[in-house]
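Visitor: next come a sequence and a model predicted from it.
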Amino acid sequence: MRRVSCGALLFSSLLALSSTGLAQSQAGDPTLVRIESGSVRGVASSGVLSWKGIPYAAAPVGDLRWRMAQPVKPWQGVLAGDKFGPSCMQTEDIPKSEDCLTLNVWRPAATSTAPLPVMVWIYGGALMHGRTSLYPLDALAKQGVVAVSMNYRMGRFGFFAHPALAAEAPDDVRGNYGHMDQRAALLWVQRNIAAFGGDPAQVTIFGESAGGGSVMVHLTSPMSRGLFQRAMLQSPGVPTARAKVLPLSELVDAEKVAIEYAHSVGATGNGPAALKALRGLPAAKLLEGASAAQEVAAISAGGHVAGFSSAIRDGKLIVEAPEAAFAGGRQAIVPVVVGANDRDLATWHARSKDELFANFGPDASEARRLYDPRGDQTLEELKQQVFADRTLVEPARHLADEVARTGQPVWLYRFAYVAQAQRGKNMGTLHGFEIPFTIDIPDAMVGDKVTPTDKAMADLVSAYWVGFGLTGDPNGGGRPMWPRHDPAVDRLIHFTNSGVIVGTDPLKQRLDLWQRSFERAR
């Protein structure tokens with residue numbers, strides 16, 4: 001007789017329960033779904049069913065502040081899934097709460113006999129701010145996928161490694177509570193998404209900025225293996241694929257940061273009493289001096305906000321820098337899409353052009369020729385171009401190069417389309433400005449000034465994204481052919497104001513200089 005593990009039996013039972021929940025909901029009210037923790041009723045609108053504010057873990061409050069996400073307590077009755085849950089704690093003036101670990105699900109209203117592929121969105125914000133309510137995924141669901149987004153802890157709530165936590169919960173992953181929240185949501189998807197008509201064996205994770213960096217964490221973490229089958233990274237940062245740009249915090253350093261912060265707020269000592277005092281602090285106190293703008297400024301100066309360690313090499317979830325994992329081929333072997341914007345985030349500092357170009361070492365003269373051929377660029381403009389290439393553009397290409405060398409399929413893009421109402425104001429696509437096009441909400445940036453051209457670009461870009469979510473290949477549907485990335489061939493897809501261009505990379509020579517600079521620094 002074939003032996004079946006208890007874990008396999010439990011997983012099969014959960015899937016059966018989820019499938020039953022879907023069948024029961026479709027037989028009556030299609031918005032009423034039964035999942036492992038209870039029943040939830042969503043909303044039907046414009047051809048999409050949605051369920052918002054579903055708890056995927058217990059509230060991380062009291063003794064659960066700075067603990068890994070714990071199982072949610074089942075509820076009685078029917079949970080109203082008609083609005084987003086509160087955002088996790090951050091300095092932005094928005095509805096927020098420590099009790100914030102909720103997620104949202106969208107699916108096409110039309111029933112399908114076959115389970116639909118799933119796309120799970122992870123928002124960015126320097127691991128300091130962000131919320132799911134900014135990113136409605138209705139338009140993606142309409143194209144034939146089940147879309148999911150989750151809130152996760154950020155700032156000092158999500159990335160904090162006081163040494164007393166080790167004694168309290170020695171088996172916990174320490175410090176990276178925000179990333180572990182994301183993993184808890186991915187586990188929830190495995191156990192529950194079939195109830196919404198989704199296929200847990202066809203999951204794509206995608207995110208932008210720190211969300212893209214989070215995708216990279218899961219792509220290179222042994223603990224996240226098997227929780228997804230495809231990955232998309234938009235301007236991935238915090239961490240990046242270049243360890244020198246935004247380095248991980250080492251656990252011993254993160255502990256020192258936490259101790260220093262604890263002492264600054266009167267929680268002295270390194271033991272349980274200090275931890276109790278920290279947990280007794282009002283949430284608002286932990287937010288002081290911890291905005292995303294302050295974090296970006298601190299990163300540019302080579303540091304981090306006090307008491308916040310960003311992503312930490314904890315030895316369990318994050319065992320090594322992503323760059324090292326990719327170099328050794330130790331990432332999950334799944335199809336990948338990665339890219340950056342032509343005017344992306346630029347972090348670092350320089351007080352003069354000479355100091356700026358000194359970053360290139362022996363290639364300084366060549367860098368000056370490429371970035372400032374006539375010598376008439378302002379220092380601020382040069383910093384934008386030079387440091388955007390350093391921070392996100394070259395690392396995105398490097399990630400594509402490393403992934404391609406393992407033989408796994410990878411597609412590289414550059415985004416340079418600017419909404420027509422913003423042309424003349426923005427010289428290129430700023431950090432995060434591609435998102436309204438990838439999730440097909442082009443009016444998010446410009447409101448009623450959105451044009452048919454903007455809408456056509458959003459339809460096209462989101463079709464590539466959904467195409468990848470559906471099949472693991474962004475091509476199809478008569479769209480211009482997006483070639484797989486080959487490090488030996490200078491070819492990528494470029495989304496521009498003139499349309500989609502498949503060809504050589506206009507920034508190749510500049511990025512090659514940064515590549516040499518990074519390689520010399522190893």
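Guide: Good, I have the coordinates. Numbers count the residues shown, from 1 in each chain.
Visitor: what's around residue 349, how many residues?
Guide: The number of residues packed near residue 349 is 12, by other CB atoms under 10 Å. Glycine gets a C-beta too; all of them are placed from N, C-alpha and C.
Visitor: got the phi and psi for it?
Guide: phi -140, psi 150 (degrees, to the nearest 10).
Visitor: for residue 369, what is the enclosing helix or strand?
Guide: Using DSSP states H and E, residue 369 maps to helix 364-371.
Visitor: report the longest strand in this protein, please.
Guide: Criterion DSSP state E: the longest strand present in the chain is strand 198-208.
Visitor: please, where are all the strands along the stretch 401-522 of the chain?
Guide: For the stretch 401-522 of the chain, applying DSSP state E, counting those that start in this stretch gives strands covering 410-415, 492-496, 499-503.
Visitor: possible to save those strands as JSON lines with distance to residue 429, mean neighbour count and mean pLDDT?
Guide: Output for those, formatted as JSON lines (distance: least, CB to CB, whole Å; neighbours: other CB atoms under 10 Å; pLDDT from 0 to 100):
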{"stretch": "strand 410-415", "distance to residue 429": "5", "mean neighbour count": "24", "mean pLDDT": "98"}
{"stretch": "strand 492-496", "distance to residue 429": "8", "mean neighbour count": "22", "mean pLDDT": "98"}
{"stretch": "strand 499-503", "distance to residue 429": "14", "mean neighbour count": "14", "mean pLDDT": "97"}
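Visitor: residue 183 contacts residue 215, doesn't it?
Guide: No. Contact criterion CB atoms under 8 Å: residue 183 and residue 215 do not qualify, at 11.9 Å.
Visitor: for these two, indicate the residue with more neighbours.
Guide: Just comparing residue 183 and residue 215: by other CB under 10 Å the higher neighbour count belongs to residue 215, 28 against 22.
Visitor: how far does the strand or helix carrying that one sit from the chain's center?
Guide: Secondary structure assignment for residue 215, by DSSP H and E: helix 210-220. When C-alpha coordinates are averaged (CA atoms, centre = their mean, to the nearest Å), helix 210-220 and its chain have centres 6 Å apart.
Visitor: give the other helices and strands that the following helix or strand past that helix contacts.
Guide: Downstream of helix 210-220, the next assigned helix or strand under DSSP H and E is strand 230-234. On a contact count with 3 or more CB pairs under 8 Å, 6 or more residues apart in numbering; DSSP states H and E, strand 230-234 meets strand 198-208, helix 210-220, strand 336-341, helix 452-471.
Visitor: will you turn these into a markdown table that also has mean pLDDT and distance to residue 353?
Guide: As requested, the helices and strands packed on strand 230-234 are exported to a markdown table (pLDDT from 0 to 100; distance: least, CB to CB, whole Å):
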| stretch | mean pLDDT | distance to residue 353 |
| --- | --- | --- |
| strand 198-208 | 98 | 31 |
| helix 210-220 | 98 | 30 |
| strand 336-341 | 98 | 24 |
| helix 452-471 | 98 | 35 |
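Visitor: residue 125: which of those is closest?
Guide: Each of those has some distance to residue 125 by CB to CB; the shortest is helix 210-220, at 5.8 Å.
Visitor: centroid-nearest residue for this protein?
Guide: residue 211 (1.5 Å; CA atoms, centre = their mean).
Visitor: is it true that that residue touches residue 123?
Guide: Yes. Counting by CB under 8 Å, residue 123 is a contact partner of residue 211 at 5.0 Å.
Visitor: now the common contact residues for the two.
Guide: residue 130 (CB atoms under 8 Å, 6 or more residues apart in numbering).
Visitor: report the distance from the helix holding residue 369 to the chain centre.
Guide: Counting by CA atoms, centre = their mean, helix 364-371 is centred 33 Å from the centre of its parent chain.
Visitor: may I see the buried residues of that helix?
Guide: Using 16 or more other CB atoms under 10 Å as the burial criterion, the residues of helix 364-371 that qualify are 366-368, 370-371.
Visitor: and it, what does it pack onto?
Guide: helix 353-357, helix 379-388, helix 508-521.
Visitor: how far out from the middle of the chain is the first one?
Guide: Just to be clear, that refers to helix 353-357. Using CA atoms, centre = their mean, the offset of helix 353-357 from its chain centre is 32 Å.
Visitor: and for stretch 121-139?
Guide: For stretch 121-139, the distance to the chain centre is 8 Å (CA atoms, centre = their mean).
Visitor: now do the buried residues in it.
Guide: Buried residues in stretch 121-139, counted by 16+ other CB under 10 Å: 121-133, 135-139.
Visitor: could you measure from the residue nearest to residue 461 when sequence neighbours are not counted over to residue 140?
Guide: In space, residue 461 comes closest to residue 437 once its chain neighbours are excluded; the distance is 4.3 Å by CB to CB, 6 or more residues apart in numbering. Distance, residue 437 to residue 140, by CB to CB, to the nearest Å: 12 Å.
Visitor: any shared contact partners between those two?
Guide: Common neighbours of residue 437 and residue 140 (CB under 8 Å, 6+ apart) are residue 462.
Visitor: which stretches of the stretch 251-400 of the chain form helices?
Guide: 251-264, 272-279, 283-287, 292-300, 322-327, 353-357, 364-371, 379-388, 394-405 (DSSP state H, counting those that start in this stretch).
Visitor: just name the most buried of those.
Guide: helix 394-405 (a mean of 24; mean count of other CB atoms under 10 Å).
Visitor: tell me how far that helix is from the chain's mean position?
Guide: Put simply, helix 394-405 sits 17 Å off its chain's centre (CA atoms, centre = their mean).
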